[in-house]
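S.K.: with the sequence up front, the predicted model follows.
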Amino acid sequence: MTRAIGMGASDVHVSEGDPPMARVHGRLVPLDAAISEPLLELARSTVGPALDARLAQKASADVSVDLPGGARGRVNVYATSRGLAMAIRVLADRVPTLGSLGFPIAIDDLGHLPNGLVLVTGATGSGKSTTLAALAQHAIESRSVVCVTLEDPIEYVLSSHGSSLVRQRQIGRDARDFATGLRDALREDPDVLLIGEMRDPESIQLALTAAETGHLVLASLHSRGAVSAIERVIDTYAPERQGQIRVMLADSLRAVVAQRLLPREGGGRALAAEVLRVTASVAASIRDAKPASIKSAMQAGRGEGMIPLERSLADLAKRRVVSLEAARGAANDLSTFTQYMTA
């Protein structure tokens, strides 16, 4: 792990019978090292006694661990047709500041919101957890808040600051599941709730309720963009309930941040992001099921702190931060991306 961290790896993959591999700036690189003990014993020492029970249930096991040099890691152990395997996500030793993440438009104010729901979306490995942690830490340092987190597992360790308090809870260890943890959290006097992932109708409904009742809720979701995130939340419910959820979402949603990490020219990775703010017109479009109007509002909303993904990608390509091919491949709408490139 020491060598992988020194290489700037974001992930390390270990399996029985194969050499370890590290993902460096998006590409897999073999590590000149071998595992010195059987992988099952290594996994047991990492995950603990719960590993055997999880594997017996044909399930994977997640745990966060301390890594060399003060870094942290999120470890997933799972069974394959060739034996056990481990995927280790390498995390920084401290929560990055929002300013260091490279957003194309400032989002610091989202940590100052008194209530409402902020969604951070993107594919696996796009930096959602890092952005959520940075937003929460910004709120902790700039306000006097109780911040309660529900994570599976805990990744970044948030720091109490001044008159703020932090309570981090791990699903499966400190809370049975996200829904139970959310119900508990509403009795724990939180100002800020960080939810590692909204996974099911019950946890989504509880998050919306918390946002409506005076809490700032920061949550992640898997989707390719801001508009698709809104539609994914609504589509989680049966058709007869979708109208009610649209109203709740229109009233409680404050912003959606959708992000990508692209290979940077010369090494490293660059952040491309889409930011949607829920203005009165966007809220009306959510209620009326008009996703095209939401997209149009975002394209015209630079003065209100919004930016579509395609503009962010075009800006990176024009400045040669990323290649044109990488930017094109990450765009949701190629025609819109081409318009921004030629503007």
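M.R.: Now that the structure is in, tell me what you want to look at. Residues are numbered from 1 along each chain as shown.
S.K.: okay, how far is it across stretch 170-182, tip to tip?
M.R.: By C-alpha to C-alpha, to the nearest Å, the extent of stretch 170-182 from end to end equals 12 Å.
S.K.: same check on stretch 92-106?
M.R.: 22 Å.
S.K.: contacts for it next, please.
M.R.: Defining contact as C-beta atoms under 8 Å, 6 or more residues apart in numbering, one finds that stretch 92-106 is touched by 69-72, 107-108, 111, 127, 130-131, 133-138, 156-159, 270-273, 275, 302, 305-307, 311-312, 315. Yep, even glycine has a C-beta here, placed from its N, CA and C like the rest.
S.K.: what residues go with each domain of this structure?
M.R.: If you go by automatic domain parsing, the domain ranges for the chain are 2-91, 98-342.
S.K.: which of those domains has the lowest mean pLDDT?
M.R.: For the domains of the chain, mean pLDDT drops lowest on domain 2-91, to a mean of 85.
S.K.: run the chain-centre distance for it.
M.R.: Centroid displacement of domain 2-91 relative to its chain, using C-alpha atoms, centre = their mean, to the nearest Å, is 20 Å.
S.K.: try stretch 242-254
M.R.: 21 Å.
S.K.: what residues of that stretch count as buried?
M.R.: Using 16 or more other C-beta atoms under 10 Å as the test for burial, stretch 242-254 gives 242, 245-246, 248-254.
S.K.: ignoring the adjacent residues along the chain, who's closest to the residue nearest in space to the middle of the chain?
M.R.: Centroid-nearest residue in the chain, with C-alpha atoms, centre = their mean: residue 128, separated by 2.1 Å. Among residues not flanking residue 128 along the chain, residue 220 sits closest, at 4.4 Å (C-beta to C-beta, 6 or more residues apart in numbering).
S.K.: that neighbour: neighbour count?
M.R.: For residue 220, the neighbour count with other C-beta atoms under 10 Å is 22.
S.K.: now it: which helix or strand?
M.R.: Element membership for residue 220, per DSSP states H and E: strand 216-221.
S.K.: what about that strand, distance to the chain center?
M.R.: A distance of 9 Å separates the centroid of the chain from that of strand 216-221, by C-alpha atoms, centre = their mean.
S.K.: who does it pair up with?
M.R.: strand 116-121 (parallel), strand 192-195 (parallel) (DSSP bridges).
S.K.: report the inter-axis angle for the very next helix or strand once past that strand versus strand 216-221.
M.R.: Once strand 216-221 ends, the next helix or strand along the chain (criterion: DSSP H and E) is helix 226-235. Between helix 226-235 and strand 216-221, the angle comes out at 90 degrees (axes from the mean of the first three to the mean of the last three C-alpha atoms, to 10 degrees).
S.K.: name the residues of helix 226-235 that are buried.
M.R.: Buried residues in helix 226-235 (16+ other C-beta under 10 Å): 226-234.
S.K.: one more: stretch 318-327?
M.R.: Buried residues in stretch 318-327, counted by 16+ other C-beta under 10 Å: 321-322, 326-327.
S.K.: from the chain's centroid, how far away is it?
M.R.: 24 Å.
S.K.: list the contacts of it.
M.R.: 262-265, 270, 272, 313-314, 316-317, 337, 341.
S.K.: just to revisit the earlier point, of the buried residues of stretch 318-327, which belong to helices?
M.R.: Taking DSSP state H, the ones among the buried residues of stretch 318-327 that sit in helices are 326-327.
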